[in-house]
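>>> build me a model from this:
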Amino acid sequence: MRKLIAFMTLFGVFMFAFVGFSTIKSLVIYESSYDDASILQLPLAKKDALNLKEALSKIPDSQITLLENPTAGEFIREFKKWINSTSAQDTLIVYYADYGISKDGKF
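So this is what the prediction gives:
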């Protein structure tokens, strides 16, 4: 089901951009490793983000920015740079892959 939803989303974005309305600019971010050894590493977050990046790269003239395990400062700096590169006609996609953890059953 997830693959069908992803396909339909990408198909819609592709069709919108294909008819000449906009340029697709994507910001794909993932967090998969942590300095804190008590937090599990998340290899699937990286896989999910890289799979989406690959799918988006098949759309002609799409522009993809990938942030891998950014610090808060890197994220803010790169997000500002990315958003300043856009125009009102662009289609923007932001994808963030990470997973929540619970502490005492609370998120």
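
>>> every contact and neighbour count from this point should use C-alpha atoms.
Noted.

>>> beyond the lowest-mean-pLDDT helix or strand in the chain, next helix or strand please.
In the chain, the helix or strand scored least confidently by mean pLDDT, DSSP states H and E is helix 2-18, which has a mean of 55. The C-terminal neighbour of helix 2-18 among helices and strands, as given by DSSP states H and E, is strand 24-30.

>>> ok and the helix or strand that that following strand is followed by relative to strand 24-30, angle-wise?
Downstream of strand 24-30, the next assigned helix or strand under DSSP H and E is helix 43-57. Counting by axes from the mean of the first three to the mean of the last three C-alpha atoms, to 10 degrees, helix 43-57 points 170 degrees away from the direction of strand 24-30.

>>> and the angle from the helix or strand that helix 43-57 is followed by to strand 24-30?
Downstream of helix 43-57, the first helix or strand assigned by DSSP H and E is strand 63-68. Put simply, strand 63-68 runs at 10 degrees to strand 24-30, going by the same axes, to 10 degrees.
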